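1. 3D model of this:
(2 chains)
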Amino acid sequence: MNPGIDLQGTFIETLMDLGLPAGVAKAIWMPLPMGLMLIGATMGVLVTTWLERKISAAAQQRIGPDFMGPFGLLAPVADGLKLVFKEDVVPAKSDRILFTLGPIIVVIPIFLSYLIVPFGQNLVITDVGTGIFLWISLSSIAPIGLLMAGYASNNKYALLGGLRAAAQSISYEIPLALSVLAVVMMSNSLSTIDIVEQQSGYGILGWNIWRQPAGFVIFWIAALAECERMPFDLPEAEEELVAGYQTEYSGMKFGLFYLSSYVNLVLSALLFAVLYLGGWDFPIPLNLLANLVGVSDDSSWLQVVDASLGIIMTVFKAYFLVFLAILLRWTVPRVRIDQLLDLGWKFLLPVGLANLLLTAALKLTFPVAFGG
Amino acid sequence: MFVLSGYEYLLGFLLICSLVPLLALSASKLLRPSGRNPERIITYESGMEPIGGAWIQFNIRYYMFALVFVVFDVETVFLYPWAVAFSSLGLLAFIEALIFIAILVIALVYAWRKGALEWS
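-> Okay, here's the model as predicted:
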């Protein structure tokens, strides 16, 4: 396996050749991938909201946004601008500080989770040792913000919505962590890079989805519930709770909730692709193709193609999952709160534990097939 | 400088991510109108003047779920190092984890039977 392109190494070496000390060179490098990732995440939200509106429209045989730019592509930008110009209404009876802090606490950890999303061998902000575990721990900060927002509004709908959101997130966190655990066990590492590496080499056949069919279903359901997507959008069930914890929010603070829900959806889809669909891995092993055509493995243009294809594959897989999530929104009816909690505690949790033990047993019996 | 390598990026990214809500809120503060109307800042409750506040006692069932969550969340934290090191631990570690999970399943069954997982 060749190491592929190492942008960071090359960049820092170039700067050091210019006579800069290593620490300064690294400090110049550090904000670059972060800024790029942040811009990418925000662009991802714009694309996702556009897709959401277009696909929803298609599902209902409407046209959807059409006048703003070609195919209504500028509609999400117009939405964002509208939110910036909106008056900020803070209810008189609310707790002002918590009211502002709520959306901020929700949005920061979700963006921070992009730290561990890999787009290629070296195309990740940093390959920290805790890897996927960092995401699990960061995702449990968001319910605090939701609870804060619901409580601070001093509105009965908002309080109930916030409590429901917290109950829902914590209930589905455990099945989520258990399904990730089974994948971690197979790759013997928490690092997202290692998790993808372990799936690569056999193309589509090597992906975890074949070895973790139960885990993949659990992860998908739990991720949808964590994102409060349609079959599980109880915290904002508009027939019952107006808009849940968002009821009192308007303007940019509402915008932050909106942003975080879509960033979270894209993030979950990306991590789903990393954990179960082989991340940046091409469905047909690229080395095999190169050998067929007769190109040597380490020619530099092949590495560039490999890296670009890796980014395209990751994004493609993630957006396929986003597409599925949007379609699900228009096909599945909303569950009731007791059904939601029953599904989490009485079905997904036992199945997740069984899946984990089954993976462990299979790993003991067939060490080669389950990551030795 | 950093004991844990790679985590300086976490700190840096935390700072950059904190700029997102900060920039968004301050940009909106500069641009938005700020008319203060006492009618506008009453609590929204389907158009009615709300009767009483919302900061009252709420149902204990949320608390029950939070308690059961703590048990199982700590469990998964214990299981993570086990899963990472599993390939070098072998059969004995499997049996140990089996016993550990069995104890927790008993706890789940207990909570289930006692009705801690019931909504109604």
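2. Can you tell me the element the nearest residue to B:L25 once chain neighbours are set aside falls in?
-> Leaving aside its sequence neighbours, B:L25 sits nearest to A:M252 (Cβ to Cβ, 6 or more residues apart in numbering or on different chains; 5.5 Å). The way it works is simple: take the backbone N, C-alpha and C, and place the C-beta from them, glycine included. Here A:M252, judged by DSSP states H and E, is contained in helix A:251-276.
3. is it true that the residue nearest to B:L25 touches B:S28?
-> Yes. A:M252 is in contact with B:S28 according to Cβ atoms under 8 Å; the separation is 3.7 Å.
4. Quickly list what's touching both of the two.
-> By the contact definition Cβ atoms under 8 Å, 6 or more residues apart in numbering or on different chains, A:M252 and B:S28 are jointly contacted by A:L83, A:V84, A:K86, A:D88.
5. Please list all residues in contact with the last one.
-> Shown in contact with A:D88 (Cβ under 8 Å, 6+ apart): A:S250, A:G251, A:M252, A:K253, B:S28, B:K29, B:R32, B:S34.
6. Over to it. Which of the three states is it?
-> Under DSSP: H, G, I helix; E, B strand; the rest coil, A:D88 falls in the coil class.
7. okay, and for chain B, where does confidence drop off?
-> Within chain B, the stretches with pLDDT under 70 are B:1-4, B:45-47, B:120.
8. Now with 90, please.
-> B:1-94, B:96-98, B:101, B:103-105, B:107-120 (pLDDT under 90).
9. Which stretches in it count as helices?
-> Taking DSSP state H as the test, the helices found in chain B are B:7-31, B:61-84, B:86-89, B:91-113.
10. so what's A:L234 up against?
-> A:L234 neighbours (Cβ under 8 Å, 6+ apart): A:R164, A:Q168, A:E228, A:G244, A:R334, A:V335, A:I337, A:L340.
11. now these as JSON lines including pLDDT, secondary structure and distance to A:D306?
-> JSON lines is the format used below for those (pLDDT from 0 to 100; DSSP: H, G, I helix; E, B strand; the rest coil; distance: Cβ to Cβ, whole Å):
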{"residue": "A:R164", "pLDDT": "84", "secondary structure": "helix", "distance to A:D306": "45"}
{"residue": "A:Q168", "pLDDT": "86", "secondary structure": "helix", "distance to A:D306": "40"}
{"residue": "A:E228", "pLDDT": "81", "secondary structure": "coil", "distance to A:D306": "37"}
{"residue": "A:G244", "pLDDT": "77", "secondary structure": "helix", "distance to A:D306": "45"}
{"residue": "A:R334", "pLDDT": "82", "secondary structure": "coil", "distance to A:D306": "43"}
{"residue": "A:V335", "pLDDT": "84", "secondary structure": "coil", "distance to A:D306": "43"}
{"residue": "A:I337", "pLDDT": "81", "secondary structure": "helix", "distance to A:D306": "47"}
{"residue": "A:L340", "pLDDT": "86", "secondary structure": "helix", "distance to A:D306": "43"}
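12. so which of these are also by chain B?
-> A:I337 (Cβ under 8 Å from any Cβ of the partner chain).
13. Close to chain B: what parts of the stretch 151-300 of chain A are there?
-> So far as Cβ under 8 Å from any Cβ goes, the stretch 151-300 of chain A lies against chain B at A:151, A:153-159, A:163, A:166-167, A:170-171, A:173-174, A:177-178, A:181-182, A:184-185, A:188-190, A:242, A:247-248, A:251-253, A:255-256, A:259.
14. And those residues, which of them are buried?
-> By neighbour count, with 16 or more other Cβ atoms under 10 Å in any protein chain shown, these hold A:151, A:153-159, A:163, A:166-167, A:170-171, A:173-174, A:177-178, A:181-182, A:184-185, A:188-190, A:242, A:247-248, A:251-253, A:255-256, A:259 as buried.
15. out of those residues, which are inside strands?
-> In strands, judged by DSSP state E, none of these are found.
16. rewinding a little: max pairwise distance over the contacts of A:L234: which two?
-> For the contacts of A:L234, the farthest-apart pair by Cβ to Cβ is A:G244 and A:V335; their separation is 15.2 Å.
17. which of those two has more neighbours?
-> A:G244 (28 against 17; other Cβ atoms under 10 Å in any protein chain shown).
18. coming back round to it: redo the helices of chain B as JSON lines? Include distance to A:T48 and mean neighbour count.
-> Rendered in JSON lines, the data for the helices of chain B read as follows (distance: least, Cβ to Cβ, whole Å; neighbours: other Cβ atoms under 10 Å in any protein chain shown):
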{"stretch": "helix B:7-31", "distance to A:T48": "17", "mean neighbour count": "16"}
{"stretch": "helix B:61-84", "distance to A:T48": "29", "mean neighbour count": "17"}
{"stretch": "helix B:86-89", "distance to A:T48": "37", "mean neighbour count": "16"}
{"stretch": "helix B:91-113", "distance to A:T48": "36", "mean neighbour count": "13"}
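19. A:D306 is nearest to which of those helices?
-> Checking the helices of chain B against A:D306 by Cβ to Cβ gives helix B:7-31 as the closest, at 24.0 Å.
20. how close does A:G23 get to A:P31?
-> A:G23 is 14 Å from A:P31, where distance means Cβ to Cβ, to the nearest Å.
21. Of these two, which one has the most company?
-> A:P31 (14 against 9).
22. quick one, what contacts that one?
-> Applying Cβ under 8 Å, 6+ apart, the residues near A:P31 are B:G12, B:I16.
23. From chain A, how far off is B:M64?
-> Here the criterion is Cβ to the nearest Cβ, to the nearest Å. By it, B:M64 lies 10 Å from chain A.
24. which ones are touching the nearest residue to that residue once chain neighbours are set aside?
-> The spatially closest residue to B:M64, leaving aside those adjacent along the chain, is B:A116, at 4.6 Å (Cβ to Cβ, 6+ apart). B:A116 is in contact with B:M64, B:F65, B:L67, B:V68, counting by Cβ under 8 Å, 6+ apart.
25. Quick check: of those residues, which lies closest to chain A?
-> B:F65 (5.1 Å; Cβ to the nearest Cβ).
26. among the buried ones among the residues of the stretch 151-300 of chain A next to chain B, which are in helices?
-> Judged by DSSP H, these include A:151, A:156-159, A:163, A:166-167, A:170-171, A:173-174, A:177-178, A:181-182, A:184-185, A:251-253, A:255-256, A:259 as members of helices.
27. what's near enough to touch the residue lying closest to A:P175 once chain neighbours are set aside?
-> In space, and not counting its chain neighbours, A:P175 is closest to A:L348: 3.8 Å by Cβ to Cβ, 6+ apart. Applying Cβ under 8 Å, 6+ apart, we find A:L348 in contact with A:Y172, A:P175, A:I218, A:I221, A:A222.
28. From A:V335, how far off is A:L348?
-> Using Cβ to Cβ, A:L348 is found at 13 Å from A:V335.
29. Also A:A177?
-> In this view, A:A177 and A:V335 are 21 Å apart by Cβ to Cβ.
30. ok so, going back, so can I have CSV of the helices of chain B showing distance to A:V263?
-> Shown next, in CSV, are those (distance: least, Cβ to Cβ, whole Å):
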stretch, distance to A:V263
helix B:7-31, 10
helix B:61-84, 24
helix B:86-89, 33
helix B:91-113, 33
